[in-house]
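**Q** Sharing a model that was predicted from the sequence below.
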Amino acid sequence: MAQRRGAEVSDPVAGPATSLRLALDVTRTKVVLRTHSGFRQEFATLVSRIAIGGQTGPLSAEIELDDFLAGIGELAAWTDEGVDWDGELAALVNDVLDDAESAQRSLADDGSTVDSQAISPENVDAALGNNWIADLTDFQRRDIARLLSLRHGANFSVPGAGKTRVALAVFAAMRARGEARRVLVVCPKSAYESWNFESDACFEAPLRTSVMGASPDHGCELLIVNYERLSRSVNALSAWLRAGPSLIVLDEAHRMKLGSSGAYGAACLALGPQAARRLILTGTPAPNGARDLESLLSFVWPGHGKRVVSDAVGGGDLVYASTVLRPLFTRTTKKELGLPEITTRLRYVDLPPLHREIYEALKGNPTARSGDLELLGKAVLRLLMAATSPALITQGATQNEPLAFQVPPLEPPVNDSLGALLQNLPKYELSPKYEQAVKIVAENAAANRKTLVWSSFVRSITTLESLLQPFKPAVVHGGTPNRDEEIRRFREDPECQVLISNPATLGEGISLHHWCHDALYVDRDFMAGRFLQSLDRIHRLGLAKDTETRVTILAARGTVDEVVARRLEMKLDFMGGILNDPAVQQLGDLQEEDGETIGGMNSEDVRAVLAHLNE
């Protein structure tokens, strides 16, 4: 590859020295191609063969780095020798092609080692250097050996399997080999404590650790940064990574599942090639299907990961796809951890008459007294709220004011419009979901079992807090000022029998399995990854083998709850199939209480409801 750098490609009149110039853009996530008028037609043909829609002008184009690397073979059709490569892009391309060749050999060898320095699990301890002091389990040694056999890799083990320790062991082995002197960890803020703790526990002389501030600490060995800070820190972090051979780790990597179209993904893709080795950690690599997995593996193997996933999944045979992809990642399952099984049940409730009439009007099926109420509906979040209580969508005195239910309820006025009835709905009917929630928490408390209650909406959380006052509830949501104190109270105060939270706030980084073995979902959304993460708060490594972990999911019959249940089942089935983990698939096939069916819906009904929700 020619590696001349200079001014922009000029017009033939000026006597150009080159016919095609290639360079990275300022974000380092796209390749800029330029030519001059003498090659206008050839240029258009080349760009269209690499990526349709990449041309930004008659003589210029911008192509996503992943698409460029996937289609780089098309450059062979460019017959003129005057091709000018930016030095940084040329080095990146050579590096990625070597990575793709190694990954392809791994796939062809069905997971056999591909690196001349690969080691067996039995030899892992000796490879970690004299500073390593932490104990390792057999499955951690297996995962470390596997990741060291690949130049870059992915650890899709379940929470509690010790992915943080495995990643630090990979770094320790790289440092012992002289391949890395520093490690950049991108993770949620909730994971800071884990990385700091493991650094102290794993090394006799702990790594010099720093959490990213206004700028990176160039003297530290372990630099931690959260996803929210990435996009405005790409240049500074790129310089930090290039200052010495480095490892970059994405913890909870599913956060960049949008790839280059998302802020987190674009920043991660720009930083990845600056490191000597890339490693991703997540127990939920494909919460919404193959596209998520494509984005993650595109970070690990740019230009190669997306194509491998697409080819593997394209035929629709997940058993085959799992076999094909298995050499590219490692995973420890809950079965390997020896965790007792989790019992998960779906409990349906029927909507009372007024609740049902309002819900149907919101959905777009008005009655004579609906008025303009249906105009509030046809939004997924509103329908999810309305399946619990339509009153959640009304305005209170404050944004998160709890609903005040009348006990006993009043008789609703016959002549009032649905809009007027909606404003005062808590006076006339108690939400059947809330009624079940109080009943379940009370039964658990009587048996001295604490309950973790999940709801997606803050106003629903504050309503549950009010209804569950006899059980001294702890509450954690995005606006909670004393989150740590609330969690401490739930763990340590015997009178605090319930913790109420939402998966967006408490779905990651918190362990409650020593104190709580019952979870209740008042509602769920379409995010399969969050659902799995929230389950792992009470079902993770450290449980006694005779522990009974129980999960109850409430759903309103004939509502969007049924659509959510179906969609999550499909997503969990896909993820479990790809990961060859039946336990994940079983979570999608919930046991329905009383042997009832899901409202008689078939797959065509589900597709019709989804189309309706997307109007």
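**A** Here it is on my side, so go on. Owing to the predicted nature of the structure, the values given are computational and were not obtained by experimental measurement. Numbers count the residues shown, from 1 in each chain.
**Q** can you pull out the helices in the stretch 351-500 of the chain?
**A** Secondary structure of the stretch 351-500 of the chain (DSSP state H, counting those that start in this stretch): helices located at 353-363, 380-388, 418-423, 425-428, 432-446, 458-467, 483-492.
**Q** and these as TSV, adding mean neighbour count and distance to residue 475?
**A** C-beta: built from backbone N, CA, C; applies to glycine. As requested, these are exported to TSV (neighbours: other C-beta atoms under 10 Å; distance: least, C-beta to C-beta, whole Å):
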stretch	mean neighbour count	distance to residue 475
helix 353-363	21	25
helix 380-388	22	17
helix 418-423	19	26
helix 425-428	20	20
helix 432-446	18	13
helix 458-467	22	5
helix 483-492	16	6
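**Q** For the ones you listed, which has the smallest mean pLDDT value?
**A** Per-stretch mean pLDDT for the helices of the stretch 351-500 of the chain is lowest at helix 418-423 (a mean of 83).
**Q** Now do it: which elements does it pack against?
**A** Judged by 3 or more C-beta pairs under 8 Å, 6 or more residues apart in numbering; DSSP states H and E, helix 418-423 is in contact with helix 353-363.
**Q** Would you mind getting the angle between the helix it packs on and helix 432-446?
**A** Put simply, helix 353-363 runs at 120 degrees to helix 432-446, going by axes from the mean of the first three to the mean of the last three C-alpha atoms, to 10 degrees.
**Q** Helix 353-363 to helix 380-388, inter-axis angle?
**A** Using the same axes, to 10 degrees: helix 353-363 against helix 380-388 is 170 degrees.
**Q** picking that back up, format the helices of the stretch 351-500 of the chain as CSV; extra columns: distance to residue 243.
**A** Output for the helices of the stretch 351-500 of the chain, formatted as CSV (distance: least, C-beta to C-beta, whole Å):
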stretch, distance to residue 243
helix 353-363, 57
helix 380-388, 45
helix 418-423, 60
helix 425-428, 60
helix 432-446, 54
helix 458-467, 43
helix 483-492, 35
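**Q** Among the ones you listed, single out whichever gets nearest to residue 53.
**A** With C-beta to C-beta as the measure, helix 380-388 is the member of the helices of the stretch 351-500 of the chain nearest residue 53 (29.7 Å).
**Q** And the closest one, how far out from the chain middle?
**A** Here the centre of helix 380-388 is set off from its chain's centre by 23 Å, with C-alpha atoms, centre = their mean, to the nearest Å.
**Q** Check stretch 561-574 too.
**A** Stretch 561-574 sits 16 Å away from the centroid of its parent chain (C-alpha atoms, centre = their mean).
**Q** same question, stretch 495-506
**A** Worked out by C-alpha atoms, centre = their mean, stretch 495-506 lies 21 Å from the chain centre.
**Q** pLDDT averaged over that stretch - what is it?
**A** Across stretch 495-506, the per-residue pLDDT values average to 94.
**Q** One more: stretch 516-530?
**A** Stretch 516-530 comes out at a mean pLDDT of 93.
**Q** First-to-last residue distance for that stretch?
**A** 19 Å (C-alpha to C-alpha, to the nearest Å).
**Q** try stretch 520-534
**A** By C-alpha to C-alpha, one end of stretch 520-534 lies 11 Å from the other end.
**Q** do stretch 462-472 as well
**A** Its first and final residues considered, stretch 462-472 spans 13 Å by C-alpha to C-alpha.
**Q** do you know which of the helices of the stretch 351-500 of the chain lies nearest residue 263?
**A** The nearest among those, by C-beta to C-beta, is helix 380-388 at 21.9 Å.
**Q** Which other helices and strands does that closest one contact?
**A** If you count contacts as 3+ C-beta pairs under 8 Å, 6+ apart, helix 380-388 packs onto helix 353-363, helix 432-446, strand 549-556, helix 560-579.
**Q** try 6 Å
**A** helix 560-579 (3 or more C-beta pairs under 6 Å, 6 or more residues apart in numbering; DSSP states H and E).
**Q** Give the buried residues for the helix it packs on.
**A** 560-569, 571-579 (16 or more other C-beta atoms under 10 Å).
**Q** next one: stretch 515-522
**A** Within stretch 515-522, the residues that count as buried by 16+ other C-beta under 10 Å are 516, 517, 518, 519, 520, 521, 522.
**Q** which pair in these spans the largest distance?
**A** Maximum pairwise distance among these (C-beta to C-beta): 18.3 Å, between 517 and 522.
**Q** nearest to residue 216, of the helices of the stretch 351-500 of the chain?
**A** helix 483-492 (27.1 Å).
**Q** Now do the closest residue in space to residue 100 that isn't next to it in sequence against residue 176, distance only.
**A** Spatially, and ignoring its direct neighbours in sequence, residue 100 is nearest to residue 304 (4.0 Å; C-beta to C-beta, 6 or more residues apart in numbering). Separation of residue 304 from residue 176 (C-beta to C-beta, to the nearest Å): 28 Å.
**Q** Looking at these two, which is more packed in?
**A** Comparing residue 304 with residue 176 by other C-beta atoms under 10 Å, the one with more neighbours is residue 304, at 24 against 16.
**Q** what about the stretch 251-400 of the chain, any weak spots by pLDDT?
**A** By pLDDT under 70, the weakly predicted segments of the stretch 251-400 of the chain are 366-379.
**Q** Pretty sure residue 148 sits in a helix.
**A** Yes. Under DSSP: H, G, I helix; E, B strand; the rest coil, residue 148 sits within a helix.
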